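Colleague: Sequence and predicted structure below; questions after.
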Amino acid sequence: MLLDVLLEFLRFGVLSIGGGFALIAEMKRVLVTERSWLTAQVFIDGWSLGQFVPGPNMLAMAFYGYRIEGLLGAFAAWFGMFTPGIISSILAAKAWQKIRHSPLAKAFRAAILPIGFGFGAGGVYTLARASIVDLLGVGLGLGLLVLLYQKRLTPITAVFLGGALGIVLKFLY
Amino acid sequence: MTDVASKEIFKAFLLIGVTAFGGGGSAHVQYHLVERLRWLTLEEYLECYSMVQTLPGPTFSNLCTHSGARLGGWRGGLLAMLGVNLPGFLVILLLALLYSSFGGQANLLTGFLQGVAITAVAISLVALARVAPSAFQTRPSVLLAMAAFLANAVLHINILWVMLILVPIGMFFEYQRENHAA
């Protein structure tokens, strides 16, 4: 069973090129329908908790693993999901040090910088559409934007300020 | 790019691992590595960010591992990965233990999460604005960024396909430009 958990999450880890979000549907299919390891409700709750905890939101995998097979399951699920990325990230850094001065690498770099920026902008757009649902949200976002850009508020302070204001707004309205 | 001691790498990423939540984690990495510590230039950061889009696995963890490995070899990569994963891993284990017994504090939690998610948008916008000059050094680069944005956020095409199509186009533009300059 533990090995099954490890192998399924390892498969997710290998398949999730460009991040875990592309795999939500596939994970739900395997974990909820095919394997019946989790209920749909636990799957969704685990996903939200992954957004809540600091660090990678794919830490939701550790939550799933814990629900399936306890503490060892949590480690197995985390290990499976994250290891392919860890290995390839380090290998990519090593390889890049060797080739970065070649003309091909320079052209590659010129191409991926704007493309990466486009993906980054896409991420912000998706995040904004999911999180800003009313005028209050727009106001909060703009206020924080001014503080961050003009007053050089650090992201850490902004996160706690934004979270606190979110609680206040929730109770007022 | 500076060579950084392992201990410093671990400390920096542990701080990111504690404070980056609610999405937009890469903006935190940019802030700490480029603005606060000056270990990477804006361009090097954007290079790391763009490169990990092509790798398997969670992008944010990969961004940390990859930039850690650039700063301190494989040891730096592993320590960056550990620093950024450990705090959240412990928190989510705790939440998994308590899972059956919480509820009731839902308003507090959802309010906080909504506020944090909106903050993540603001943090990411500022990070994008700061990195824009590095992304847009040539005229075709604006078109490439727009195409990547549309394919990713509006048309929801798998990132791998977008890369396979756009990277060769971008490289072609770059070769043309180089030949004109020469």
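Modeller: Here it is on my side, so go on.

Colleague: Could you tell me the model confidence score at A:A22?
Modeller: For A:A22, the model assigns a pLDDT of 67.

Colleague: residue ranges with poor pLDDT in chain B?
Modeller: Scanning chain B for pLDDT under 70 picks out B:1-2, B:22, B:100-107, B:182.

Colleague: For it, just list every one of the helices.
Modeller: In chain B, helices defined by DSSP state H lie at B:6-19, B:25-30, B:42-52, B:59-98, B:106-135, B:139-149, B:159-181, listed in chain order.

Colleague: Between helix B:42-52 and the fifth one, find me the angle.
Modeller: What it means is helix B:106-135. Going by axes from the mean of the first three to the mean of the last three Cα atoms, to 10 degrees, helix B:106-135 is angled at 110 degrees with respect to helix B:42-52.

Colleague: Just give the nearest non-adjacent residue to the residue of chain A most remote from its centre, would you?
Modeller: Using Cα atoms, centre = their mean, the residue of chain A lying farthest from its centre is A:P103. It sits 33.3 Å away. Using Cβ to Cβ, 6 or more residues apart in numbering or on different chains and skipping the chain neighbours, the partner closest in space to A:P103 is B:E178 (7.8 Å). C-betas here are computed from N, CA, C, even on glycine.

Colleague: neighbours of the one you found, just the number please.
Modeller: Neighbourhood size, B:E178 [other Cβ atoms under 10 Å in any protein chain shown]: 13.

Colleague: Just give me the residue closest to the centre of chain B.
Modeller: For chain B, the residue nearest the mean C-alpha position is B:S26 (3.1 Å; Cα atoms, centre = their mean).

Colleague: Over to chain A?
Modeller: Per Cα atoms, centre = their mean, the C-alpha nearest to the average position across chain A is that of A:N57, at 4.0 Å.

Colleague: unless I'm mixing things up, that one is touching B:S26, no?
Modeller: No. A:N57 is not in contact with B:S26 according to Cβ atoms under 8 Å; the separation is 11.9 Å.

Colleague: residues shared between the contacts of those two?
Modeller: The overlap between the contact sets of A:N57 and B:S26 (Cβ atoms under 8 Å, 6 or more residues apart in numbering or on different chains) consists of B:F60.

Colleague: I figured B:V34 hits B:E43, correct?
Modeller: No. Between B:V34 and B:E43 there is no contact under Cβ under 8 Å: 9.6 Å.

Colleague: out of these two, which sits in the busier spot?
Modeller: Taking neighbours as other Cβ under 10 Å, B:V34 and B:E43 compare with B:V34 leading, 20 against 16.

Colleague: That one and A:E8, how far apart?
Modeller: 37 Å (Cβ to Cβ, to the nearest Å).

Colleague: Neighbours of the residue nearest to B:F173 when sequence neighbours are not counted, how many?
Modeller: Spatially, and ignoring its direct neighbours in sequence, B:F173 is nearest to B:P140 (4.1 Å; Cβ to Cβ, 6+ apart). Residues lying near B:P140 (other Cβ under 10 Å) number 18.

Colleague: show me what contacts B:P140?
Modeller: By Cβ under 8 Å, 6+ apart, the residues touching B:P140 are B:G170, B:F173, B:R177.

Colleague: quick one: contacts for the last one?
Modeller: In this structure, B:R177 makes contact with B:T138, B:P140, judged by Cβ under 8 Å, 6+ apart.

Colleague: again, only this time at 7 Å
Modeller: When contacts are counted by Cβ atoms under 7 Å, 6 or more residues apart in numbering or on different chains, B:R177 touches B:T138.

Colleague: cool, and the first one?
Modeller: Residues touching B:G170, when contacts are defined by Cβ under 7 Å, 6+ apart, comprise A:A110, A:A111, A:P114, A:I115, B:L144.

Colleague: Help me confirm that the fourth one is found in a strand?
Modeller: No. With the criterion set as DSSP: H, G, I helix; E, B strand; the rest coil, the secondary structure at A:I115 is helix rather than a strand.

Colleague: How about it, nearest residue that isn't a chain neighbour?
Modeller: Sequence neighbours aside, B:A148 is the residue nearest to A:I115 in space, at 4.4 Å (criterion: Cβ to Cβ, 6+ apart).

Colleague: Now for that neighbour, how many residues are close by?
Modeller: 30.

Colleague: Check B:V131 too.
Modeller: By other Cβ under 10 Å, the residues close to B:V131 number 22.

Colleague: before we move on, what about A:L15?
Modeller: Residues lying near A:L15 (other Cβ under 10 Å) number 15.

Colleague: and it, what pLDDT?
Modeller: Listed pLDDT for A:L15 reads 85.

Colleague: From A:E26, how far off is it?
Modeller: According to Cβ to Cβ, A:L15 and A:E26 sit 7 Å apart.

Colleague: Likewise for A:G73?
Modeller: From A:G73 to A:E26 the distance is 19 Å (Cβ to Cβ).

Colleague: picking up where we left off before, wait, what's in contact with the residue nearest to the centre of chain B?
Modeller: Neighbouring residues of B:S26 by Cβ under 7 Å, 6+ apart: B:Y49, B:F60, B:L63.
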